[in-house]
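Q: Quick one, what's the 3D model for this:
(one chain, ligands or ions: 1)
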Amino acid sequence: MSILKVAHMGHPVLREVAVPVSTDRFRTAEFQRFCDDLLESMYELDGAGLAAPQVHVSERVVVFELDAEDGPMFLVNPVITPLGDERVGGYEGCLSLPNMRGRVERYTAIKVKALDRHGVPFSFEAHGWSARVVQHECDHLDGVLYIDRADPRSLAFLPEYRRHGPLVPSGDGEE
Ligand code: NI
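A: A predicted model of the protein is given here:
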């Protein structure tokens, strides 16, 4: 396995709409190796999630791990549907914008339909923090960064964020 290099904001790959993974591709050793590398890179970089465009691969694949007990989850060609209109603010960071935080409003509950890394369809509902991570990662597949959705006055560099706390209350009660 290899650790993949992360694209930082300003690299055009982060602004592309990523292409769907085709049925034939799941069976290839190349695709499975890529999934292994994406996961390994997420662990190495200590991210909650990582999307393929963040490692210069414009394909609709994300991986995330919400807690170590559940283990990692891959979403390929995901489709998100909000469950209701309720949204809540919360602070996010991104490996493609190192050492920054910003407040983003996200749907509190979503339904996710996707394929797993072997091409098997599945669906689930996500709430709260899980829903936030999924929305953040899937945005990468459409060339959207959290900073696009953030309240500009909430943006902070990480040392200042840690020192002074959020400048705009997060709204989710977690800060
Ligand atoms: Ni990100």
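
Q: The nearest residue to residue 130 once chain neighbours are set aside and residue 27, how far apart?
A: Excluding the flanking residues, the one nearest residue 130 by CB to CB, 6 or more residues apart in numbering is residue 66, at 5.3 Å. Every C-beta, even on glycine, is put in place using the N, C-alpha and C of the backbone. Residue 66 sits 28 Å away from residue 27, going by CB to CB, to the nearest Å.

Q: of those two, who's got more company?
A: Ranked by neighbour count (other CB atoms under 10 Å), residue 66 and residue 27 place residue 66 first, with 16 against 10.

Q: host element of the more buried one?
A: According to DSSP states H and E, residue 66 maps onto no helix or strand at all.

Q: ok, it touching residue 48?
A: Yes: with contact defined as CB atoms under 8 Å, residue 66 counts as touching residue 48 (7.3 Å).

Q: hey, what's in contact with both of these two?
A: residue 133 (CB atoms under 8 Å, 6 or more residues apart in numbering).

Q: how long is stretch 115-127 from one end to the other?
A: 20 Å (CA to CA, to the nearest Å).

Q: Same check on stretch 19-30?
A: 16 Å.

Q: Equivalent analysis for stretch 99-116, please.
A: Span of stretch 99-116 from end to end, CA to CA: 31 Å.

Q: Centre of the chain to it, how far?
A: Centroid separation for stretch 99-116 versus its chain: 7 Å, with CA atoms, centre = their mean, to the nearest Å.

Q: How confident was the prediction at the closest residue to residue 128 other than its chain neighbours?
A: In this structure, residue 128 finds its nearest non-sequential neighbour in residue 108, 6.4 Å apart by CB to CB, 6+ apart. pLDDT, residue 108: 97.

Q: Please give the three-state secondary structure assignment for the residue nearest to the spatial centre of the chain.
A: By CA atoms, centre = their mean, the chain has its centre lying nearest to residue 137, at 1.8 Å. For residue 137, the assignment made with DSSP: H, G, I helix; E, B strand; the rest coil gives helix.

Q: Give me the distance between it and residue 34.
A: In terms of CB to CB, residue 137 sits 16 Å off from residue 34.

Q: quick one, helices of this protein?
A: 29-45, 128-140, 146-149, 158-164 (DSSP state H).

Q: which residues are contacting the third one?
A: For helix 146-149, contacts defined as CB under 8 Å, 6+ apart pick out 9, 92, 94, 97, 100, 102, 104-105, 136, 139, 155.
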